[in-house]
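Peer 1: Give the three-dimensional model of this entry:
(one chain, ligands or ions: 1)
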Amino acid sequence: MLNHIFRKAVNQRVSRSGTPCDYFITTPIFYVNSAPHIGHLHTILLADAINIFTKLKLGSQNTLFTSGTDEHGIKIKTAATKSGQRCQHFCDLNSAKFRQLFYEFDITLTDFVRTTEDRHRATVQSVWSELEKNGYIYKSTYSGWYCNTDETFVPESQIVKKTTDSGEVYFDQNDNIVTWSSEENYLFRLSSFTDRVKSWLNHTKPILPEKFNTEAIRIIENSRMEDISVSRPRSRLDWAISVPGDSSQTIYVWLDALSNYLTSAGYPCEADDLRRWPIDCQVIGKDIIKFHALYWPAFLMALSLPLPKRLICHSHWLIDSLKMSKSRGNVVDPFAEKDVLGTSGLRYYLLRSATPHSDTGYSQMQATRLVNAELADNYGNLLSRSCAPAINPDQVIPIGLIEPIDENIIEIKERLQTLSTTCRVHYEEANFYKGVDAIMNTLRLNNKLYEESKPWKLVKLKSRDDNSCRQYLNLQAITFETLRICSILLLPIIPQIANEALMRLNTTEVSWSAACPQLELCKDKMSTRSIRSEFAKVLVTKIK
Ligand code: MSP
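Peer 2: Numbering: from 1, shown residues only. Down below sits the predicted model:
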């Protein structure tokens, strides 16, 4: 049965509206208890870079890329009450800040789900009804330690008791306060799925970097996937979606939140009518592995829906070695950082410096240095020099190389031949920093050759001396080819700058397969194409 649904769903390419959909990528939905910080921006940028890369690779614009805001639960209600606002109004204000951030960073989202929307409520309630119909929900008394910050019950083994001025207080391993609750709840038969979820993790290794796949398996082994509470009495939590048929209970926020992925796919509907399923790629932070690698696949199995193909897990941004988070109060405001570094500068720094497998310390000074050294002095410098009227008086791009070709030009050409494959391998694993490293090395090599070849002298000699003319044209040809290829490969990282560069270079074919050397070999003469603007301006200016 499952195989049958799986096959049909995999072949699903056309949505109800008839638009083909070739890829489905999601981010977690963001809590609205506060404004966005740099960690949130990083999550969405990572997904955006994967989305742009995939579109280039597939040669398709039709991807489903969804994000949104997580608006129910005790945490949100407490924050709203503290700020003296009604819950819905408070959520409207903070959700709008996330939307604004994504707009300012040109995030290529195709949907934004708010958990307080009617369409989402309909999805969650039908998910609940389906789980109940399939026999996976039952009523029982649930007792345990509840952590409001993470909206989750915490196993007894992870509780730490501390004596404070106000008496004994209990904490989880992340130093969040937990409280004991014993209440009549609905439970989900998570335990029924232990073996299947473990086998999925073991055999398909869906989570990258692999250390987080191992971490997910370790969590199962430690917690034994006991049944979880999926509702709370309304008297304890009223800012949530009602359990269908029992208005005295509300639905657990993580079941509510995880269902957002189904909302954007168009659930409830027949599996064949989902916009696209299964999800191709889910970007998550390492703090929410348990929910996405244990609960989510179990919910999907209980709904007879296929599991996501890939989960990309990233580490955290730190401030003074501590995770940047609202509850710690050590957050960096992305809007303010953008004013200093620019959207492209900030985007470049976050994607260039973060490593998925380990945490990274945030530093505005390092960001400034990196952007100046790599975008302005390396990429921008090569572009502006090769277009400068003094060196390029005719404002043209040679489209071939004249034989004989000097060794150092052949060396760069050979690098360009393998560069897109190197980047593809790294980008596919969301190791953007490694791909950018290879691009920057190639640009540096070309810059070095440019400096050593003294084009400002060659350009003066070229009308008198054939050899100088050949050297000049070959240098310009390889340099523009480097710039064209590197700009395509940089599109997922700095789309705005790379696009502008490609436009100035009069590039017509922008796709992943075009990111390989296309220079013709000429015996003596060489044709050219013109640079788009009269004087290509410097695209990347230094940050002061
Ligand atoms: N609402 C849940 C997710 C529900 S998805 C069905 C949630 N929200 S969150 O706002 O706390 O986090 C959203 C994303 O931001 C997560 O991927 C999380 O890892 C990421 N980040 C939050 N702080 C971060 C850092 N300091 N650094 C990097 N990313 C971090 O969890």
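Peer 1: wait, Val32 sits on Ile76?
Peer 2: Yes. Shown here, Val32 and Ile76 form a contact pair, counting by CB atoms under 8 Å, at 6.1 Å. Every C-beta, even on glycine, is put in place using the N, C-alpha and C of the backbone.
Peer 1: which neighbours do these two share?
Peer 2: Common contact partners of Val32 and Ile76 (CB atoms under 8 Å, 6 or more residues apart in numbering): 90-91.
Peer 1: Settle it for me: which of these two has more neighbours?
Peer 2: Relative neighbour count places Val32 above the other of Val32 and Ile76, with 29 against 26, counting by other CB atoms under 10 Å.
Peer 1: any idea how far the ligand is from that one?
Peer 2: 8 Å (CB to the nearest ligand atom, to the nearest Å).
Peer 1: Count the residues that sit near the residue nearest to that residue when sequence neighbours are not counted.
Peer 2: Taking CB to CB, 6 or more residues apart in numbering, and ignoring the residues beside it in sequence, Val32 has Asn94 as its nearest neighbour in space, at 3.8 Å. Using other CB under 10 Å, Asn94 has 24 neighbouring residues.
Peer 1: mind listing the strands for the stretch 251-400 of the chain?
Peer 2: When secondary structure is read from DSSP state E, counting those that start in this stretch, the stretch 251-400 of the chain shows strands at 281-285, 311-314, 317-319, 322-323, 360-361, 396-398, 400-402.
Peer 1: and the fourth one, what other elements does it pack with?
Peer 2: Think strand 322-323. In this structure, strand 322-323 makes packing contacts with no helix or strand, judged by 3 or more CB pairs under 8 Å, 6 or more residues apart in numbering; DSSP states H and E.
Peer 1: and that strand, which strands flank it?
Peer 2: strand 317-319 (antiparallel) (DSSP bridges).
Peer 1: so, in contact with the ligand or not, the strand it pairs with?
Peer 2: Yes. Contact check for strand 317-319 against the ligand, using CB under 6 Å from any ligand atom: residues in range are Trp317.
Peer 1: Which of the residues in that strand are classified as buried?
Peer 2: For strand 317-319, burial by neighbour count (16 or more other CB atoms under 10 Å) applies to 317, 319.
Peer 1: burial count for Leu300?
Peer 2: Under the criterion other CB under 10 Å, the count of neighbours that Leu300 has is 22.
Peer 1: can you tell me how far it sits from Asp227?
Peer 2: Noted for Leu300: a distance of 17 Å to Asp227, by CB to CB, to the nearest Å.
Peer 1: and the stretch 151-300 of the chain, which of its residues are near the ligand?
Peer 2: Applying CB under 6 Å from any ligand atom, one finds that the stretch 151-300 of the chain approaches the ligand through 257-258, 260, 284-285, 287-288.
Peer 1: which SS state does Glu481 fall under?
Peer 2: Per DSSP: H, G, I helix; E, B strand; the rest coil, the secondary structure class of Glu481 is helix.
Peer 1: Show me what the one helix or strand Val124 maps to is in contact with.
Peer 2: For Val124, the enclosing helix or strand under DSSP states H and E is helix 118-133. Where contact means CB under 8 Å, 6+ apart, the residues beyond helix 118-133 that reach it are 113-115, 137, 188, 241-244, 251, 255-256, 259-260, 262-263, 267-268, 299, 302-303.
Peer 1: quick check: mean pLDDT across it?
Peer 2: Per-residue pLDDT over helix 118-133 has a mean of 98.
Peer 1: Any buried residues in that helix, and which?
Peer 2: 120-121, 123-128, 130-132.
Peer 1: quick check, nearest of those to Ser315?
Peer 2: Using CB to CB, His120 comes nearest to Ser315 of the buried residues of helix 118-133, at 29.2 Å.
Peer 1: What is the least confident helix or strand in this structure?
Peer 2: Least confident helix or strand of the chain, by mean pLDDT, DSSP states H and E, is helix 2-11 with a mean of 32.
Peer 1: So what's the gap between whatever helix or strand comes next after that one and the chain middle?
Peer 2: Next along the chain after helix 2-11, taking DSSP H and E as the criterion, comes strand 23-26. Averaging C-alpha positions (CA atoms, centre = their mean, to the nearest Å) puts strand 23-26 10 Å from its chain's average.
Peer 1: if we look at the helix or strand just after strand 23-26, which residues are touching it?
Peer 2: Along the chain past strand 23-26, the next helix or strand (assigned with DSSP H and E) turns out to be strand 30-31. By CB under 8 Å, 6+ apart, the residues outside strand 30-31 that reach it are 36, 40, 67-70, 75-76, 98.
Peer 1: The closest residue to Ser511 other than its chain neighbours: what's it in contact with?
Peer 2: Distances taken as CB to CB, 6+ apart put Gly59 closest to Ser511, at 5.4 Å, once the chain neighbours are dropped. Under the criterion of CB under 8 Å, 6+ apart, the neighbours of Gly59 are 511-513.
Peer 1: so where is the protein shaky, pLDDT-wise?
Peer 2: 1-20, 524-526, 532-544 (pLDDT under 70).
Peer 1: and the spatially most distant residue from the centre of it, helix, strand or coil?
Peer 2: Farthest-out residue of the chain from its mean C-alpha position, per CA atoms, centre = their mean: Arg464, at 53.7 Å. Secondary structure, three-state DSSP: Arg464 is coil.
Peer 1: circling back to that earlier point, name the element the residue nearest to Val32 belongs to?
Peer 2: Secondary structure assigned from DSSP H and E places Asn94 in helix 87-104.
Peer 1: So which bits of the helix or strand that comes right after that helix are buried?
Peer 2: Downstream of helix 87-104, the next assigned helix or strand under DSSP H and E is strand 111-114. When burial is assessed from 16+ other CB under 10 Å, strand 111-114 yields the following buried residues: 112-114.
Peer 1: if I read this right, Asn213 contacts Pro206, doesn't it?
Peer 2: Yes. With contact defined as CB under 8 Å, Asn213 reaches Pro206; the gap is 7.0 Å.
Peer 1: who touches both of the two?
Peer 2: Overlap of the contact sets of Asn213 and Pro206 (by CB under 8 Å, 6+ apart) consists of Ala293.
Peer 1: Contacts only, for the residue in the chain that the ligand sits nearest to.
Peer 2: For the chain, the nearest residue to the ligand under the criterion CB to the nearest ligand atom is Gly285, separated by 1.6 Å. Contacts for Gly285 were tallied using CB under 8 Å, 6+ apart; they are 28, 39, 43, 313-316.
Peer 1: among the residues you listed, who's most crowded?
Peer 2: Cys313 (26 neighbours).
Peer 1: which residues touch it?
Peer 2: 207-209, 212, 284-286, 289, 356.
Peer 1: now do Leu341
Peer 2: Neighbour list for Leu341: 349, 364, 367-368, 371, 543 [criterion: CB under 8 Å, 6+ apart].
Peer 1: Show me how to select, in PyMOL, the buried members of the residues you listed.
Peer 2: The following PyMOL line selects those of the contacts of Leu341 that are buried, judged by 16+ other CB under 10 Å:
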select buried, resi 349+367+368+371+543
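Peer 1: ok, of the contacts of Leu341, which one's closest to Ser527?
Peer 2: Out of these, the one with the shortest distance to Ser527 is Val371. That distance is 36.2 Å, counting by CB to CB.
Peer 1: Thought Thr343 was touching the closest one, still the case?
Peer 2: No. Val371 is not in contact with Thr343 according to CB under 8 Å; the separation is 11.6 Å.
Peer 1: wait, is Ser191 part of a helix?
Peer 2: Yes. With three-state DSSP as the criterion, Ser191 is part of a helix.
Peer 1: Measure how buried it is and give me the count.
Peer 2: Residue neighbour count, defined by other CB under 10 Å, stands at 14 for Ser191.
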